[in-house]
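> could you look at this predicted model? Sequence included:
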Amino acid sequence: MKENKFLSRRNFLKLLTAGSIVGIPLEAEASRYPIIKRIRYSSTIERTRIVFDCSGKVEKNWIKTHLKGNVLWITVKNTRTNYMKRKLRSNLVKEVKVYPINRHLSRIKIVMKEPHKFKIFALKAHCGRPFRLVVDVLPDFLTTSCPIRHYQKRIVVIDPGHGGKDPGAIWPIHSSHPIIKEKNITLAISLRVRRILRQYPNIKVVMTRTRDVYVPLLKRAEIAAKACADAFVSIHADSMPNFPNWSGVTVFKASPKLFAQAKLMAREVAKKVRLCNDVMCWSISPLLLNMSTTVTFVESSRLAEAIVKSLKAHVNDDLINGIKDMQRNIVVLKTPGRPAVLIETGFITNRLDRKRLVQGWYQEEIARGIAKGIVNYFHSMDKVAYESFPEVEYVLEES
Ligand SMILES: [Zn+2]
């Protein structure tokens, strides 16, 4: 046998490793393996999402993960890549590297600041976006990582203001034995809201308190985070001793302006600052403020609008003051990434409001207005959620 007539074993292997065997051009061979092309990421206080754009579908059984200390290794067979490195501005992840191990094996190295939970899922090519492999890194304070949801229960956190040693607004003012305490009104209305919402099988209600107990403000925010809540509704009653004519229901939402102010403050103080007003309190770090807040503001406005509209249908129009931006020095309606409103259900310092607020029928009407507003908001949100999540291929839970 003459060697020049036939491929020698050595030359055959050379051709093979060059990506070509007889009759199969390089491009065709290459296209059999998806290429990991690009690293992108987004970061919020609750999650760092790292997205790997791929030229094709990465199958679930191609992926192997290995968490060692702070480093998450992900080996992906049947893929090709070039060396890539990306430093992240994230509170959870330092940097991401992608290595080609050989022509059909890639390795991803995710260096976290501390060991964290993670979740991997794949997205189909959709609406002009490529196939994607997604790694969510989730901080430990979220004991349950938020699931990727299709049709599912919507979760709302109802937060009855004050409680226990903190009575909130009282009447008569300065009395050591007040007849009316805000904490009781907020709890009564909140429990009614829960009872009404429980009639909707697709809505789950989580309460920050169900009894007369003191719950610190940050604990309330933590409850909302752990619940993976879709909305946070805090219920209060107002007090304006110098303006006894002030009355009615007001729905507050955080304003971007407010956050701009808070951001400046946080920057001046450099580290973590705690901003409080008389009703809520928030621990703010510059990091927290770096998060994308736009979506939350928009969603909070929509939630506020839905509640106000519904309240007007349940309570005399004249009693509804409408939506206001939180003006008092602070912050708070900011539950990262989640729409939140604070409802002042009336003024304890106003004679008529005070009378109404302690009566069951009025609490019930307010509760119905709030509950129906939440239902309507979720209804509009489900349409959007369904449209924006059709492309999940599979989810790999933390191994
Ligand atoms: Zn209050």
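Done, it's in. Source: prediction; values computed, not measured.
> ok and the residue in this structure nearest the ion?
His236 (3.4 Å; CB to the ion). Any C-beta I mention is one placed from the backbone N, CA and C, and that applies to glycine too.
> surely that residue is in contact with Gly168?
Yes. His236 lies in contact with Gly168 (CB atoms under 8 Å); the separation is 6.9 Å.
> who are the neighbours in contact with the residue of the chain closest to the ion?
Gly161, His162, Gly168, Glu182, Thr186, Val279, Leu342, Ile343, Glu344, Thr345 (CB atoms under 8 Å, 6 or more residues apart in numbering).
> let's have the residues you listed in CSV, adding distance to the ion, pLDDT and secondary structure.
Converted to CSV, the contacts of His236 look like this (distance: CB to the ion, whole Å; pLDDT from 0 to 100; DSSP: H, G, I helix; E, B strand; the rest coil):
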residue, distance to the ion, pLDDT, secondary structure
Gly161, 4, 91, coil
His162, 6, 91, coil
Gly168, 4, 90, coil
Glu182, 5, 95, helix
Thr186, 7, 97, helix
Val279, 4, 39, coil
Leu342, 8, 88, strand
Ile343, 10, 93, strand
Glu344, 7, 92, strand
Thr345, 10, 95, strand
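> residues of the stretch 101-250 of the chain that sit close to the ion?
Proximity of the stretch 101-250 of the chain to the ion, by CB under 5 Å from the ion, involves residues Gly161, Gly168, His236.
> check which helices and strands whichever helix or strand Gln363 is part of is in contact with.
Using DSSP states H and E, the element containing Gln363 is helix 360-388. Applying 3 or more CB pairs under 8 Å, 6 or more residues apart in numbering; DSSP states H and E, we find helix 360-388 packed against strand 154-160, helix 182-197, strand 203-207, strand 231-238, helix 294-314.
> could I get these as TSV with distance to Ile35?
Output for the helices and strands packed on helix 360-388, formatted as TSV (distance: least, CB to CB, whole Å):
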stretch	distance to Ile35
strand 154-160	38
helix 182-197	48
strand 203-207	42
strand 231-238	40
helix 294-314	31
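> of those, which shows the lowest average pLDDT?
Across those, helix 294-314 has the smallest mean pLDDT, namely a mean of 84.
> quick check: angle from it to strand 231-238?
Inter-element angle recorded for helix 294-314 and strand 231-238: 60 degrees (by axes from the mean of the first three to the mean of the last three CA atoms, to 10 degrees).
> got the buried residues for helix 294-314?
296-297, 299-308, 310-312, 314 (16 or more other CB atoms under 10 Å).
> pull the contacting residues for the residue nearest to Ala371 when sequence neighbours are not counted.
Spatial nearest neighbour of Ala371, chain neighbours left out: Ile196 (4.0 Å); criterion: CB to CB, 6 or more residues apart in numbering. By CB under 8 Å, 6+ apart, the residues touching Ile196 are Ala367, Arg368, Ala371, Lys372.
> ok, the contacts of His236 vs Leu217, which is closest?
Nearest to Leu217 among the contacts of His236: Val279, at 8.7 Å, using CB to CB.
> give me the beta-bridge partners of Ser43?
Beta bridges link Ser43 to Thr48 when assigned by DSSP bridges.
> that one: how many residues sit nearby?
20 (other CB atoms under 10 Å).
> so it touches Leu88, yeah?
Yes. Look at Ser43 against Leu88 with CB under 8 Å: they come within range, at 6.8 Å.
> hey, what's in contact with both of His236 and Gly168?
Gly161, His162, Glu182, Thr186, Val279.
> ok, the closest residue to Asn350 other than its chain neighbours - contacts?
Closest residue in space to Asn350, ignoring its immediate chain neighbours: Ser247 at 4.0 Å, by CB to CB, 6+ apart. Counting by CB under 8 Å, 6+ apart, Ser247 touches Leu319, Gly346, Phe347, Asn350, Leu352, Asp353.
> packing partners for the helix or strand harbouring Lys119?
Taking DSSP H and E as the criterion, Lys119 maps to strand 117-123. If contacts are counted by 3+ CB pairs under 8 Å, 6+ apart, strand 117-123 sits against strand 63-68, strand 131-138, strand 392-396.
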